[in-house]
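Enquirer: A predicted structure for the sequence below; I have some questions about it.
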Number of protein chains: 2
Amino acid sequence: MKCEIIAVGSEMLTPYRQDTNSLYLTEKLNSIGIAVAYKSIVGDRLADLIGAIRTALMRVDVVAVIGGLGPTNDDLTRESVAQALGLTLRRDPVQVAALHTRAAQLRISMSTNNLKQAEVVEGAQVMPNKNGSAPGQWLDTAFANFRKILFMVPGPPNECKPMFDEECMPRLKAVAPEKHIATRVLKVAMLPESKADEMLGPIYTAYKDVETTILANAGDIQLSISCTKSALAVAQARVDELALKLEDALGDWMYSANGEALEQILMYYLGIKQASLAVAESCTGGMISERLTSIAGSSLSFAGGTVAYSNALKTLYCDVPAELINKHGAVSPEVAAAMAEGIRLKIGTTLGLAVTGIAGPSGGSPDKPVGLVYIALSDGNKNEVLERRFHGDRDRIRKYATQQALDLVRRRLM
Amino acid sequence: MKCEIIAVGSEMLTPYRQDTNSLYLTEKLNSIGIAVAYKSIVGDRLADLIGAIRTALMRVDVVAVIGGLGPTNDDLTRESVAQALGLTLRRDPVQVAALHTRAAQLRISMSTNNLKQAEVVEGAQVMPNKNGSAPGQWLDTAFANFRKILFMVPGPPNECKPMFDEECMPRLKAVAPEKHIATRVLKVAMLPESKADEMLGPIYTAYKDVETTILANAGDIQLSISCTKSALAVAQARVDELALKLEDALGDWMYSANGEALEQILMYYLGIKQASLAVAESCTGGMISERLTSIAGSSLSFAGGTVAYSNALKTLYCDVPAELINKHGAVSPEVAAAMAEGIRLKIGTTLGLAVTGIAGPSGGSPDKPVGLVYIALSDGNKNEVLERRFHGDRDRIRKYATQQALDLVRRRLM
């Protein structure tokens, strides 16, 4: 069973906005064995919309139309669907009443335009919208003698997603052939993408019935494994078998077998080891702390720390001797180690983590180029310092340094 | 002149990956007066691809096909274009030689598969690829008796973008009708989106020939204004006239008339006022510092500060008396003010900024609910404390608090 997602709205044909609802729908559709074969983005023009809907009806079984259900003149999805299918559009008195009730409850005035939202395509079921005024519509109909499902849901994500989950999914499950998708997400830190390809390619390409997608981003690799079978247990067994082989190959490069973020894993290990962490950041400028504190409950293991951007602050907040900075420079293994040790002792945590480096674009020199970063971890017994040279722009260098710093802590805790 | 962008690749029909090249191409195409009327995403299946290309050839003047030009069996763009247009595909000896030369230079072996990349559609111009092995192709041809431009560029962004800029843009300029687009981007902080709509809608909708797109994100609103005319000066005058009216209506809600980020504006004002800033963050956990340090050269005005996540750290690094925290709680206007004042005095900067709040999901209480945030700014003369109640999840509350904190500094400096 194949689906096409049509996202409606001229704003998504500008450089400023992108359709994101379709990623959500795709995941849900896949979970019940419906593949997304095409995605289309169309502007708010009647002829374009009718054309896109007809094209979709010709090539897939299920057409999901997102957006264009609002009250303005630009909202043309209802008209387009009716015309594409050769069906009439009528104003539904029940929907008119519902719009009036909603307006009264919210104490807002209702313009005549709003009544457009009460127009229903012949034969469609109306799907209520809990979070907005535009109802959705569900059509189980025929096109060129083939059975077709077409549904319309509103564009705003907070209206689209709940309506899709509560109204469309149960209906789709009832028409979809009995298929089950099993999935797993493995996550890997600081392994170069080319090395991952070389290492893992021969393994996963041998599983022709299992789909593996690799997504790499600033020192983080996500392997999404999925398999569709008529029996879930069979699909899950295939996914797990492949996952196990990939895990064996990856060894300790892999930090999660279930899709957790690196900072989440870190918080988990800090918790079970009853360890606490303080961080002194220079070039990462708060990025490490921001990632750690994005996890709810992180205050249990993460004390905080400093963004020691100036040399004076490295001394004030991490007790790094000024002479040490003068002698070796702020970007040096010595200063990184002293920052990690200093922040640990000053705050009184089990672990102290520090980063100092040159994020660029300026500030580099022949012996200390842009991208040079020192990352240090102190636990009272061992002071470990990594020297790394990251490439790319300021943002990329900072992201890589952050990922490497978090991974250093993970490896110590494991 | 209308364009359709077809992004080729089954990975973009999964929940894990999204086409992003099209945003880049759209901006460039718009700049020479070519509108993007449709975007399509198609998997690596020959029949689907031929169908999508034919559909595009029927409805637009320019078809941009991105991806599917690699050496594997899944790379079907060349075959699909040839079949859609009824043209032959031949192996070009010049391209075969180029592939061999490239492989020799990189000291890599060349598989037979690689020769697929030397296949050229009848009548196509080959576009060299500086950053990869797959060349692009440019076709100026006919379909159903209409002149059509179709070009193929590789999918990896670092190959796609330079080839598009260097090879496609000059050719497109030569065929595009002489049109010019003028643009302006206004940016606004902490104005609710509904209020912005109400305030600005009547102004910009009166300019029928000017397109205004509003993009809102966690307390930040971006107004993108554009106008297409045959004379650039005319287009620019229309854009500037509307921009001026919007600026008048927005007053000091607007922080940038040229698209700069809020943190960039802040750094600019700190520079011209010769002021320096230190930050003490609790619930934002490093997000404020991270945004400030994302700006190159920020170390000139931003000293750093602390992520004072624990109460002990608020005392250690900001000299907040422990009794004050005991008396009022860590999330209180008194502690926020003491943090701002303390970090300013301790680090010796002109300004001290502090945030303390409850980001959730847990930690809230009836009188101090999740989303309650205090933001304080101290400059030695005036201690200002804002109380805000933000809604949404942890990430959203932190983002709003960060934006509000940066905006507080901006308003003080202006």
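Expert: It's in.
Enquirer: which parts of the helix or strand where A:T141 lies are buried?
Expert: Assessed by DSSP states H and E, A:T141 sits inside strand A:136-143. Burial within strand A:136-143, assessed by neighbour count using 16 or more other C-beta atoms under 10 Å in any protein chain shown, is assigned to A:136-139, A:141, A:143. Every C-beta, even on glycine, is put in place using the N, C-alpha and C of the backbone.
Enquirer: chain B: which of these is nearest?
Expert: Among the buried residues of strand A:136-143, A:F143 lies closest to chain B (C-beta to the nearest C-beta), at 15.9 Å.
Enquirer: list the contacts for that closest one?
Expert: A:57-58, A:85 (C-beta atoms under 8 Å, 6 or more residues apart in numbering or on different chains).
Enquirer: give me that answer again for 10 Å
Expert: Neighbouring residues of A:F143 by C-beta atoms under 10 Å, 6 or more residues apart in numbering or on different chains: A:53-54, A:56-58, A:63, A:84-86, A:150.
Enquirer: same check on A:V94?
Expert: Applying C-beta under 10 Å, 6+ apart, the residues near A:V94 are A:118, A:120, A:126, A:135.
Enquirer: distance of it from A:D74?
Expert: As judged by C-beta to C-beta, to the nearest Å, A:V94 and A:D74 stand 25 Å apart.
Enquirer: so the residue lying farthest from the centre of chain A, which of the three states?
Expert: Using C-alpha atoms, centre = their mean, the residue of chain A lying farthest from its centre is A:E323. It sits 45.2 Å away. Look at A:E323: counting by DSSP: H, G, I helix; E, B strand; the rest coil, its state is helix.
Enquirer: what's the separation between it and chain B?
Expert: 20 Å (C-beta to the nearest C-beta, to the nearest Å).
Enquirer: state the pLDDT value of that residue.
Expert: In this model, A:E323 is scored at 97, pLDDT.
Enquirer: over to A:V185?
Expert: Per-residue confidence (pLDDT) for A:V185: 93.
Enquirer: ok, A:N383 next?
Expert: At A:N383, pLDDT is 89.
Enquirer: what does A:L244 give?
Expert: 97.
Enquirer: list the buried ones in the helix or strand hosting it?
Expert: Assigned by DSSP H and E, A:L244 belongs to helix A:232-250. Neighbour-count burial for helix A:232-250, with 16+ other C-beta under 10 Å as criterion, is recorded at A:235-236, A:238-239, A:242-243, A:246, A:250.
Enquirer: between these, which is nearest A:G392?
Expert: Minimum distance to A:G392 across the buried residues of helix A:232-250 is 24.2 Å, recorded for A:L250 (C-beta to C-beta).
Enquirer: run a quick neighbour tally on A:Q274.
Expert: 9 (other C-beta atoms under 10 Å in any protein chain shown).
Enquirer: how near is it to chain B?
Expert: 16 Å.
Enquirer: just to check, that residue is in contact with A:L413?
Expert: No. Between A:Q274 and A:L413 there is no contact under C-beta atoms under 10 Å: 11.1 Å.
Enquirer: which neighbours do these two share?
Expert: A:T350.
Enquirer: now do the helices in the stretch 51-200 of chain A.
Expert: Using DSSP state H, counting those that start in this stretch, the helices found in the stretch 51-200 of chain A span residues A:77-85, A:93-105, A:157-163, A:169-175, A:193-204.
Enquirer: try the stretch 251-400 of chain A
Expert: Under DSSP H, counting those that start in this stretch, the stretch 251-400 of chain A gives helices at A:262-272, A:287-293, A:311-318, A:322-328, A:333-347, A:394-413.
Enquirer: quick check: which of these is buried the most?
Expert: Of all the helices of the stretch 251-400 of chain A, helix A:287-293 carries the top mean neighbour count, a mean of 28, counting by mean count of other C-beta atoms under 10 Å in any protein chain shown.
Enquirer: run the chain-centre distance for it.
Expert: Taking C-alpha atoms, centre = their mean, to the nearest Å, one finds the center of helix A:287-293 at 17 Å from the center of the full chain.
Enquirer: so that helix, near chain B or not?
Expert: Yes. Helix A:287-293 comes into contact with chain B (C-beta under 10 Å from any C-beta of the partner chain), by way of A:287-293.
Enquirer: just the C-alpha atoms of that helix, please, in CSV.
Expert: Listed next in CSV are the C-alpha coordinates belonging to helix A:287-293 (Å, rounded to 0.1, in the frame of the first residue of the first chain):
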residue,chain,number,x,y,z
MET,A,287,27.1,24.2,24.4
ILE,A,288,28.2,21.3,26.6
SER,A,289,26.2,22.6,29.6
GLU,A,290,23.2,23.4,27.4
ARG,A,291,23.2,19.8,26.1
LEU,A,292,23.5,18.3,29.6
THR,A,293,20.8,20.5,31.0
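Enquirer: so for it, what's the average pLDDT?
Expert: 97.
Enquirer: contacts only, for A:V370.
Expert: Contacts of A:V370 (C-beta under 10 Å, 6+ apart): A:357-364, A:389-394, A:397.
Enquirer: swap in 7 Å and give it another go.
Expert: A:358, A:360-361, A:363-364 (C-beta atoms under 7 Å, 6 or more residues apart in numbering or on different chains).
Enquirer: and what of A:G357?
Expert: So A:G357 contacts A:282-283, A:331, A:372-374, A:401 (C-beta under 7 Å, 6+ apart).
Enquirer: how close does it get to A:Y400?
Expert: According to C-beta to C-beta, A:G357 and A:Y400 sit 10 Å apart.
Enquirer: one more: A:T284?
Expert: 10 Å.
Enquirer: which non-adjacent residue is nearest A:V188?
Expert: A:I221 (4.2 Å; C-beta to C-beta, 6 or more residues apart in numbering or on different chains).
Enquirer: is it fair to say that neighbour lies in a helix?
Expert: No. Counting by three-state DSSP, A:I221 is not found in a helix; it is strand.
Enquirer: was I right to think it contacts A:T212?
Expert: No. Under the criterion of C-beta atoms under 7 Å, A:I221 makes no contact with A:T212, lying 11.7 Å away.
Enquirer: circling back to that earlier point, just among the contacts of A:V370, which is most surrounded?
Expert: A:I358 (22 neighbours).
Enquirer: centre of the chain to stretch A:377-388, how far?
Expert: Using C-alpha atoms, centre = their mean, the offset of stretch A:377-388 from its chain centre is 32 Å.
Enquirer: which residues are in contact with that stretch?
Expert: Contacts for stretch A:377-388 (C-beta under 7 Å, 6+ apart): A:333, A:336-337, A:340-341, A:344, A:350-353, A:373-376, A:404, A:408-409, A:412.
Enquirer: go again with 6 Å.
Expert: A:333, A:336-337, A:340-341, A:344, A:351-353, A:373-376, A:404, A:408, A:412 (C-beta atoms under 6 Å, 6 or more residues apart in numbering or on different chains).
Enquirer: how about it: buried residues?
Expert: Buried residues in stretch A:377-388 (16+ other C-beta under 10 Å): A:377-379, A:383, A:385-386, A:388.
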